[in-house]
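S.K.: Next comes the sequence, and after it the predicted model I'd like to discuss.
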Amino acid sequence: MTVLAVITEFVDALRLIVESREAQTGDVQVGGLGEFAYFTGQHLLVSGVALGVAVAVALPVGLYLGHQNKGEFVAVSVSNIGRSVPSLALLGLFIAFAGIGFGNVALVLCLIAVPPILTNAYVGVRQVDPDTVDAAKGMGMTGLEVMRKVELPLAAPLITSGLRLATVAVVATATIGPLADTLTLGRPIINNNVYGEAGPLAGAIAVAVITLLADQAVRIAGRAVTPKGLRLRSDQERESGPNVPSLKRGAQTA
């Protein structure tokens, strides 16, 4: 395929996003800003519900396990299972046993989001300097106060990293929604017989844009709640190159 052909397809995909056209199958109009805005809203809605539930479940569990200095097997297992189970297989399983619908798609996406959130919360708390924790306890802080005022702020960079991983995975995977009768930006990607050859590329462009925006929104929010000293250290580590998170205390953050 020539460069000109690639550019032509890209432009045609952009036109589908901003201008409606007749469907490949008949007189129905498809595409345009109105339709893509609706798909985007539904896409963000199901992704937001899934992420909200995942955070509400996985974050407290990860913080608690890290604070108690136990549960490494749980964190590792959840992380490995989350990486190995295909999202389509999960969706097929839920469709087989519970039918189609918004709830099933949100649940599948939630299960995808849980592993990075739980694992990074656990690792982040485990990495907090033991001397800092001991000093906080020496000042009379309770276990809950140590977790809330010391461990959680210090673990914020790695927790944010886990949230970003979960956000990107969920928003990108929400394209499977139409397979379970839930409209998302996956509709033009999957139904290219209706939207034509421009459909998959137009949907992919829209998904890529909102995924990048969602990732940056989480990054900015996480940076806002991270102590200034840790932000500076994170910037220095980013300049020196990425590190791989470890489930051992004292490992460098990603």
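M.R.: Great, that's in hand.
S.K.: Pull out the buried residues from the longest helix anywhere in the chain.
M.R.: With secondary structure taken from DSSP state H, the chain has its longest helix at helix 33-67. By 16 or more other C-beta atoms under 10 Å, the buried positions in helix 33-67 come out as 35-36, 39-40, 42-44, 46-51, 53-55, 58-59, 61-67. From N, CA and C alone the C-beta is placed, and that goes for glycine too.
S.K.: So which other helices or strands are in contact with that helix?
M.R.: helix 3-18, helix 72-84, helix 102-126, helix 152-173, helix 186-190, helix 198-225 (3 or more C-beta pairs under 8 Å, 6 or more residues apart in numbering; DSSP states H and E).
S.K.: Could you tell me the least trusted of those?
M.R.: Sorting those by mean pLDDT places helix 72-84 lowest, at a mean of 72.
S.K.: Output it as PDB, nothing but the C-alphas.
M.R.: What follows is helix 72-84, C-alpha atoms only, in PDB (Å, rounded to 0.1, in the frame of the first residue of the first chain):
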ATOM      1  CA  GLU A  72       2.200 -11.600  48.200                       C
ATOM      2  CA  PHE A  73       0.800 -14.800  46.800                       C
ATOM      3  CA  VAL A  74      -2.600 -13.200  46.300                       C
ATOM      4  CA  ALA A  75      -1.100 -10.100  44.600                       C
ATOM      5  CA  VAL A  76       1.100 -12.200  42.300                       C
ATOM      6  CA  SER A  77      -1.700 -14.600  41.400                       C
ATOM      7  CA  VAL A  78      -4.200 -11.800  40.700                       C
ATOM      8  CA  SER A  79      -1.600 -10.000  38.500                       C
ATOM      9  CA  ASN A  80      -0.700 -13.200  36.500                       C
ATOM     10  CA  ILE A  81      -4.400 -14.200  36.100                       C
ATOM     11  CA  GLY A  82      -5.300 -10.700  34.900                       C
ATOM     12  CA  ARG A  83      -2.600 -10.900  32.200                       C
ATOM     13  CA  SER A  84      -3.400 -14.400  31.000                       C
END
